[in-house]
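Chemist: coords please:
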Amino acid sequence: MSDSLNLPAESLGQCLLQGLQKQVDRYLHYRRAVLSDRDPEDLHQLRVSLRRLRSLLENYDFALSLPKAVSLRSLSTLGRRCGRVRDLDVLLEALHALPKPKRPQEAHQLFQLQRKLKKRCGQARRQLQRELKRSRYQHCILALRNWLAKPRFQAAAHLAIADLLPELVLPSYARLHLHPAWWIDRVALERLRPIDNRQLHDLRKTVKRFRYGVEVLEFSPELDFEPLLQRLKPLQTALGNWQDRATWTALLAQQQANWQQRIPSLDDRWQQDSQVAWRQWLEQQQTLREPSTGLQVTVYDCLGWRSPQSGRISATPS
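Modeler: I've put the predicted structure just below:
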């Protein structure tokens with residue numbers, strides 16, 4: 001175990017130190033903004049900073065020597081609480097963006113639904129603001145800030161990033177590459193099983209964790225993961241669009257029973273959007289699993305390794 005004074009300039013430890021400092025600063029900035037309640041986008045950015053923090057601490061715990069007060073459980077719990085409010089924010093934005101139903105009765109039902117959701121969102125936001133002030137979360141971030149002032153590392157933190165790329169990237173990529181969602185049958189939307197929805201949601205989270213873990217490695221100007229990050233964007237968009245509709249449908253069902261019958265134009269619109277999102281996912285499922293041109297090839301190219309051509313991983317660097 002050692003401190004940061006002995007770390008080489010482009011070591012894994014220096015990379016993680018910079019990445020963690022950036023996310024802690026972002027968290028503190030957007031925490032203040034959320035407490036002042038200026039812009040709903042601040043909550044989104046706060047949630048992202050929590051996700052990135054948690055991913056860095058999970059992916060690279062083998063290189064860090066952190067105090068027990070830095071609790072992944074606390075970060076995860078706070079992230080979920082932020083997510084509940086953010087889901088309501090995005091749902092309200094989506095409903096406001098819809099054209100007004102032509103039938104007066106439908107328009108009235110939609111207006112009443114928006115009022116209920118806005119009230120619920122306000123209550124959830126005030127509860128989140130109280131949570132942000134709780135000592136368990138403040139102690140966690142304070143412990144991390146104190147660690148950043150005098151960081152301690154494991155032996156692996158001293159190694160150069162360039163010498164560790166396969167070991168750093170491939171474990172998290174393996175979880176993405178072998179995720180069961182890739183093998184969901186290409187069936188009609190109506191035939192999807194509940195387990196399929198859960199797997200697609202988990203795949204989205206796995207993509208984010210992989211992306212966050214890779215992005216921090218661009219600490220060195222010699223490393224370029226941009227081609228890989230660009231290939232992940234359409235996948236995240238497709239999965240995000242799909243998950244949004246599933247989340248919104250569940251939230252509406254909690255707020256108003258039989259909303260599909262009360263506001264059929266909204267149900268029709270979301271059915272169409274779900275079909276589009278499903279087609280986007282199927283396209284990504286096929287494209288990124290293609291043996292000669294898929295995501296695996298891009299990952300290996302970014303590592304400077306020979307790209308596999310038939311779905312078989314080559315362990316020989318080019």
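
Chemist: and for Gln254, the neighbour number?
Modeler: 10 (other C-beta atoms under 10 Å). (Glycine included, C-beta is placed from N, CA and C.)

Chemist: just checking, it is part of a helix?
Modeler: Yes. Gln254 forms part of a helix when assessed by DSSP: H, G, I helix; E, B strand; the rest coil.

Chemist: any idea how far it lies from Arg84?
Modeler: Remark: distance between Gln254 and Arg84 (C-beta to C-beta, to the nearest Å) = 11 Å.

Chemist: Ala107 reaches Pro99, doesn't it?
Modeler: No. The pair Ala107 / Pro99 is not scored as a contact, 10.2 Å apart, by C-beta atoms under 8 Å.

Chemist: give me the more crowded residue out of those two.
Modeler: Taking other C-beta under 10 Å, Ala107 and Pro99 do not tie; Ala107 has more neighbours (14 against 7).

Chemist: confidence score at the residue lying closest to Leu91 once chain neighbours are set aside?
Modeler: Leaving aside its chain neighbours, Leu91 sits nearest to Trp248 (4.9 Å; criterion: C-beta to C-beta, 6 or more residues apart in numbering). Per-residue pLDDT puts Trp248 at 91.

Chemist: which stretch of helix or strand covers Trp248?
Modeler: For Trp248, the host element (DSSP states H and E) is helix 226-255.

Chemist: in the following helix or strand past that helix, what's buried?
Modeler: For helix 226-255, the succeeding helix or strand toward the C-terminus, using DSSP H and E, is helix 259-262. Neighbour-count burial for helix 259-262, counted by 16 or more other C-beta atoms under 10 Å, picks out Trp259, Gln260, Arg262.

Chemist: go on, stretch 109-128?
Modeler: Gln109, Leu110, Leu113, Leu117, Arg120, Cys121, Ala124, Arg125, Leu128.

Chemist: try stretch 93-101
Modeler: Going by 16+ other C-beta under 10 Å, stretch 93-101 has these buried residues: Ala94, Leu95, Pro101.

Chemist: give me the phi and psi for the last one.
Modeler: Pro101 has phi and psi values of phi -60, psi 140 when expressed as degrees, to the nearest 10.

Chemist: point to the residue nearest the middle of this protein.
Modeler: Nearest to the mean C-alpha position of the chain, by C-alpha atoms, centre = their mean, lies Lys208 at 4.2 Å.

Chemist: which strands or helices does the helix or strand harbouring Arg198 pack on?
Modeler: Using DSSP H and E, the element containing Arg198 is helix 194-215. Packed against helix 194-215 by the contact rule (3 or more C-beta pairs under 8 Å, 6 or more residues apart in numbering; DSSP states H and E) you find helix 40-59, helix 165-177, helix 226-255.

Chemist: nearest to Leu295, out of the ones you listed?
Modeler: helix 226-255 (5.9 Å; C-beta to C-beta).

Chemist: hmm, back to that, residue contacts, the residue nearest to Leu91?
Modeler: Listed by C-beta atoms under 8 Å, 6 or more residues apart in numbering, the contact set of Trp248 reads Asp87, Val90, Leu91, Ala94, Trp270.

Chemist: neighbour-wise, which of these leads?
Modeler: Leu91 (20 neighbours).

Chemist: and the helix or strand encompassing it, how far out from the chain's middle?
Modeler: If you go by DSSP H and E, Leu91 is part of helix 72-97. The chain centre lies 12 Å from the centre of helix 72-97; the measure is C-alpha atoms, centre = their mean, to the nearest Å.

Chemist: now do that helix: which elements does it pack against?
Modeler: Looks like helix 72-97 contacts helix 40-59, helix 104-132, helix 135-149, helix 226-255 (3+ C-beta pairs under 8 Å, 6+ apart).
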